[in-house]
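Trainee: coords below, sequence missing:
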């Protein structure tokens, strides 16, 4: 994942710039493509918040998982309002960063919300993160870790 965001900066909810190299190292990452104007997004974001809180903030030790919000909002102001009002304490790609368009193309995002779960290097574990969280809750994280490990051990 560090490779996917090389040369970029991410934001936390306080508006501070975060180095992705440090924040995403050795983690499974959820790329959350979403927008405040989208009713299904506004419906799923609180579910994702609960999932993240249980997995990362309330687990001992915290799970090696992070979310990066990639906004499809119509303005920086819309993104910031949605991010602060409904999102968990995860990271975001700045709205002004045109890299969001490359990410949407790379991960074949044609509609929001979409939660793509990836390894540290950006390799897709699943593009059905939203469905899996709704269907299986926290249990899906163990599956993601297992798939990530299988990818890690598989050499071409």
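Mentor: It's in. Here the structure is a predicted model, which means the values were calculated and not measured.

Trainee: Report the beta-bridge partners for residue 30.
Mentor: Judged by DSSP bridges, the bridge partners of residue 30 are residue 67, residue 117.

Trainee: Surely it is in contact with residue 70?
Mentor: No. Applying C-beta atoms under 8 Å as the test, residue 30 and residue 70 come out as separate, 10.4 Å apart. For glycine as for every other residue, the C-beta is placed from the backbone atoms N, C-alpha and C.

Trainee: Kindly provide the distance from the nearest residue to residue 126 once chain neighbours are set aside to residue 95.
Mentor: Once flanking residues are discounted, residue 126 sits nearest to residue 117: 4.9 Å by C-beta to C-beta, 6 or more residues apart in numbering. Relative to residue 95, residue 117 is positioned 23 Å away (C-beta to C-beta, to the nearest Å).

Trainee: same deal with residue 18?
Mentor: Taken as C-beta to C-beta, the span from residue 18 to residue 95 is 15 Å.

Trainee: Mind checking which of these two has more residues around it?
Mentor: Counted by other C-beta atoms under 10 Å, residue 18 and residue 95 do not tie: residue 95 has more neighbours, with 20 against 17.

Trainee: thinking that one is in contact with residue 74, fair?
Mentor: No. Using C-beta under 8 Å, residue 95 is not in contact with residue 74; the gap is 9.5 Å.

Trainee: in the least confident helix or strand in the chain by mean pLDDT, what's buried?
Mentor: In the chain, no helix or strand scores lower on mean pLDDT, DSSP states H and E than helix 139-153, which sits at a mean of 83. Residues of helix 139-153 classed as buried: 140-141, 144, 147-148 (neighbour count, 16 or more other C-beta atoms under 10 Å).

Trainee: Can you lay out the residues you listed as a markdown table showing distance to residue 41?
Mentor: Shown next, in a markdown table, are the buried residues of helix 139-153 (distance: C-beta to C-beta, whole Å):
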| residue | distance to residue 41 |
| --- | --- |
| 140 | 19 |
| 141 | 21 |
| 144 | 21 |
| 147 | 25 |
| 148 | 26 |
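
Trainee: Who's the closest spatial neighbour of residue 127, skipping the chain neighbours?
Mentor: residue 116 (4.9 Å).

Trainee: If you could redo that for residue 89, that was the one I meant.
Mentor: Nearest one to residue 89, counting by C-beta to C-beta, 6+ apart, is residue 13 at 5.9 Å.
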